[in-house]
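Trainee: below are the sequence and a predicted model; questions follow.
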Amino acid sequence: MQKFLPTNDLLFKKLLTSEDSSSILKAFVKDLLGIEFQTLTPKETYHIDSYKKAFEEMDILRTEVDILAIGEDGSHTTLECQIQPHAYFRERSIFYLAEAFCSPFGNLETNDFIRDNNFSALRPAYGINIVDFHLFDQKQDALQLFRLLNEQTNQPFLGTNRKELLLLCFLSLKNNNRKSQSAIHHWQHFLKTGETLANAPDYIKKAKQKVDYYSLGSEEKQMIMKINKSKAITDAVISTARMEGIEEGIEQVALRLIKMNSPIEHIVEATGLDLETIKKIENEHK
């Protein structure tokens, strides 16, 4: 039987941002961040038609986080799933977190907005990053949580509303340093294998049902195969370039991938070039 993992981009979005995925999304965020939301609404709800359109019209300068969700308190939670090692991924995670924190600045529609004080619109931002590679020391815990603390007292830095303003979380799918049978253990097992253990929480079993191969529509299966094929071609191009010893060729590799209409994320991952450089290469060869 063919099998697609929940870390596939389409399945990751379907899993957490479908109209009927609210309970799964809230449980996932609670298990990783320890924050319980009454409501957590994705900025963009998953639907296969809109996903296909976004994939086909992917802008070369697109720098959007995988998922952005807004809590009942106006806080922003970003969720990113990165399977391949990515140069400057730590910086990228901070970029997404900072962007989410700054985005409500000056928004007059924000609850309790104070006239003439644009900073009153700012709300907490939380970043969740799922990575399938070793970003930190392998001896450390699989789940890493970073926050702003007073260096002397270890007290968290709180905003005016007495909430922590910034939290950044990383869950490694490679690192097995976590408590057995914990929620983190079950999420990690599910994301790595697409399967659930017998004693997994019901919401993770529900998550499995949502992305099970037999529950996918024909368009979804075709789209996933298209994504996988594009990724395989990208990997083959970069592998061939390395085998042939093309030193000058990293930009040539990028150009080849651009001409093949490879997704920008694949080009960045394959070449290590930043978005501005890729855009420059594209413009120079139009």
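Mentor: Structure received. Numbering: from 1, shown residues only.
Trainee: now do the helices in the stretch 151-286 of the chain.
Mentor: Applying DSSP state H, counting those that start in this stretch to the stretch 151-286 of the chain gives helices spanning 183-193, 202-211, 218-243, 250-259, 264-271, 275-284.
Trainee: let me have the ones you listed in a markdown table, extended by mean pLDDT and mean neighbour count.
Mentor: Every C-beta, even on glycine, is put in place using the N, C-alpha and C of the backbone. Below are the helices of the stretch 151-286 of the chain laid out as a markdown table (pLDDT from 0 to 100; neighbours: other C-beta atoms under 10 Å):
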| stretch | mean pLDDT | mean neighbour count |
| --- | --- | --- |
| helix 183-193 | 96 | 19 |
| helix 202-211 | 96 | 18 |
| helix 218-243 | 76 | 15 |
| helix 250-259 | 79 | 18 |
| helix 264-271 | 71 | 22 |
| helix 275-284 | 83 | 14 |
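Trainee: those helices into TSV, with extra columns for distance to Val65?
Mentor: Shown next, in TSV, are the helices of the stretch 151-286 of the chain (distance: least, C-beta to C-beta, whole Å):
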stretch	distance to Val65
helix 183-193	18
helix 202-211	20
helix 218-243	18
helix 250-259	22
helix 264-271	12
helix 275-284	14
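Trainee: out of those helices, flag the one nearest Ala27.
Mentor: helix 202-211 (4.3 Å; C-beta to C-beta).
Trainee: centre-most residue in the chain?
Mentor: Central residue of the chain (C-alpha atoms, centre = their mean): Glu80, 1.0 Å from the mean position.
Trainee: okay, and the beta partners of that residue?
Mentor: Beta bridges link Glu80 to Asn129, judged by DSSP bridges.
Trainee: now do the contacts for the residue lying closest to Phe37 once chain neighbours are set aside.
Mentor: Sequence neighbours aside, Gly71 is the residue nearest to Phe37 in space, at 4.7 Å (criterion: C-beta to C-beta, 6 or more residues apart in numbering). Neighbouring residues of Gly71 by C-beta atoms under 8 Å, 6 or more residues apart in numbering: Phe37, Gln38, Thr39, Leu40, Thr41, Thr77.
Trainee: what subset of the residues you listed is buried?
Mentor: Buried members of those, scored by 16 or more other C-beta atoms under 10 Å, are Phe37, Leu40, Thr77.
Trainee: what about the first one, which SS state?
Mentor: Looking back up the chat, that one is Phe37. coil (DSSP: H, G, I helix; E, B strand; the rest coil).
Trainee: might one say that it is in contact with Phe28?
Mentor: No - with contact defined as C-beta atoms under 8 Å, Phe37 does not reach Phe28; the gap is 10.8 Å.
Trainee: just name the shakiest helix or strand of this protein by mean pLDDT.
Mentor: In the chain, no helix or strand scores lower on mean pLDDT, DSSP states H and E than helix 264-271, which sits at a mean of 71.
Trainee: could you pull out the strands in the stretch 1-150 of the chain for me?
Mentor: 40-42, 67-71, 76-82, 125-131, 143-147 (DSSP state E, counting those that start in this stretch).
Trainee: good, we can wrap up now.
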